[in-house]
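Asker: need coordinates for the following:
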Amino acid sequence: MFRTMRRFKQQLPEAEVQRILKEGQTLVLAVHGDDGYPYAVPLNYVYHDGKIFVHCAKSGHKLDAIQNDPKVSFTVIERDDVVPEKLATYYRSVIAFGHARILDDEDEKRHAAEVLGLRYYNVPEAVQKEIERTWNALVCIEITIDHMTGKEAGDLAVQRSKQ
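Answerer: This is a model prediction of the structure:
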């Protein structure tokens with residue numbers, strides 16, 4: 001169903017893909033937007049127990065798109081260094097495809113909000129206070145990953161193979 005990577009020698013090992021997702025700060029989520037146009041938006045996220053969690057407000061383009069079509073794609077870029085003398089970019093990134101689900105269950109929603117909050121601000125009391133303050137306006141989304149690959153620049157792949 002999913003395409004294999006054309007430049008397979010640049011494909012990152014699974015452990016490296018997992019590390020990038022765990023350590024990344026921002027993903028760009030792509031959804032099927034209005035009138036067939038793709039809609040991509042950068043978001044903070046957390047990768048927890050093999051799933052991605054994000055949050056949003058109770059209305060908006062992203063939420064409408066997910067309600068209409070739960071299939072999504074996202075990218076996390078770990079490295080993006082332009083190397084002018086080589087006319088190249090040394091990059092390392094992950095691309096994934098999956099299904100988004102709006103969490104209606106209050107326990108699931110609270111869990112997602114907690115792991116997301118603690119990912120960026122490791123002060124449990126402050127995270128709980130913020131969750132309580134925003135609870136009625138908060139929507140949490142869980143993304144189940146169906147397929148993902150990581151890729152790095154050719155020169156980085158050569159360096160990795162020599163290690």
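Asker: who touches the residue nearest the centre of the chain in this structure?
Answerer: Most central in the chain under Cα atoms, centre = their mean is residue 27, positioned 4.2 Å from the mean C-alpha point. By Cβ atoms under 8 Å, 6 or more residues apart in numbering, residue 27 lies in contact with 42-43, 45, 52, 54, 74-76. C-beta coordinates here come from the backbone N, C-alpha and C atoms, glycine included.
Asker: kindly report the same for residue 156.
Answerer: 10, 79, 90-92.
Asker: what sits up against the helix ranked longest in the chain?
Answerer: Counting residues, the longest helix in the chain under DSSP state H turns out to be helix 106-120. Residues outside helix 106-120 that contact it (Cβ under 8 Å, 6+ apart): 44-46, 48, 53-55, 103, 124, 127-128, 130-131, 138-142.
Asker: can you check stretch 47-60 too?
Answerer: Everything outside stretch 47-60 that qualifies as a contact, by Cβ under 8 Å, 6+ apart, is 18, 21-22, 24, 27, 29, 43-46, 62-63, 74, 96, 98, 112-113, 115-116, 119, 137-145.
Asker: how far does stretch 148-155 sit from the chain's center?
Answerer: Taking Cα atoms, centre = their mean, to the nearest Å, one finds stretch 148-155 lying 16 Å from the centre of the chain it belongs to.
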